[in-house]
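Chemist: Test case, fold it:
(one chain, ligands or ions: 2)
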Amino acid sequence: MTTRYEDIETTLRERGFRMTPQRLAIVRIIAEDVRHPTVDQVFETVHETFPTTSRATVYKTFELLKDIGELLEFEFSEGGNRYDAKRVGPHAHVLCDGCGRMEDLEIDAADGSLVAQANANSSFHVTRQRVEFYGLCAKCQVQESAAAG
Ligand SMILES: [Zn+2]
Ligand SMILES: [Zn+2]
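Modeler: Ligands and ions are numbered 1, 2, ... in the order given. Model (predicted):
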């Protein structure tokens, strides 16, 4: 078994992209981060090792990964876009209204069957779906009941 980082690195090399150590560090961080981080979160992490890295470098690396299909981008008006490089096939998410935690969710509808239904029931040519559920994570539930009690 290869890691997601190794898979992405192989793809980049095969496609002839020459990556600097700091761009590879960005790839490693996003490939290993289960939080669905924002650009800022990745920027802060890479900055610890490569203090000269700019946000623009993070953005450019993300654009490249998106272009080659190795990174999913989820647009949010509040708090900034979130990214997933661990898993790039269709999948659903749960999001916390309290702290913004975002986790993968295993449900049947996330496998693309909703896209098929949307195509069958509309005049659109539907190509993608985004399935999200909102509520409070376990940690925020505890905090809320502590505040209420
Ligand atoms: Zn939470
Ligand atoms: Zn995900």
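Chemist: I'd like to check which residues are in contact with the residue nearest to the spatial centre of the chain.
Modeler: When CA atoms, centre = their mean is applied to the chain, the residue found nearest the centroid is Asp84 (1.9 Å). Applying CB atoms under 8 Å, 6 or more residues apart in numbering, we find Asp84 in contact with His36, Leu71, Leu72, Phe74, Asp104. In short, each C-beta sits where N, CA and C put it, glycine included.
Chemist: Can you pick out the most distant pair from these?
Modeler: Pairwise distances among those were taken by CB to CB; the largest, 14.8 Å, belongs to Leu71 and Asp104.
Chemist: what pLDDT does Arg18 get?
Modeler: At Arg18, the model reports a pLDDT of 88.
Chemist: So that it lines up with my notes, have the first residue be 584 from now on.
Modeler: Sounds good: first residue 584 from here, last item Arg601.
Chemist: Quick check: it vs Leu688, distance?
Modeler: Distance, Arg601 to Leu688, by CB to CB, to the nearest Å: 37 Å.
Chemist: With Pro634 instead?
Modeler: The spacing between Pro634 and Leu688, counted by CB to CB, is 36 Å.
Chemist: which one of those two has more residues nearby?
Modeler: Leu688 (15 against 8; other CB atoms under 10 Å).
Chemist: wait, the more buried one sits on Arg670?
Modeler: No - between Leu688 and Arg670 there is no contact under CB atoms under 8 Å: 11.2 Å.
Chemist: Which strand residues bridge whichever residue of the chain sits closest to ligand 2?
Modeler: Proximity of the chain to ligand 2 (CB to the ion) peaks at Asp667, 3.9 Å away. Bridge pairing for Asp667 (DSSP bridges) gives the partners Leu655.
Chemist: Now do it, the pLDDT please.
Modeler: 96.
Chemist: now do Asp694
Modeler: Listed pLDDT for Asp694 reads 67.
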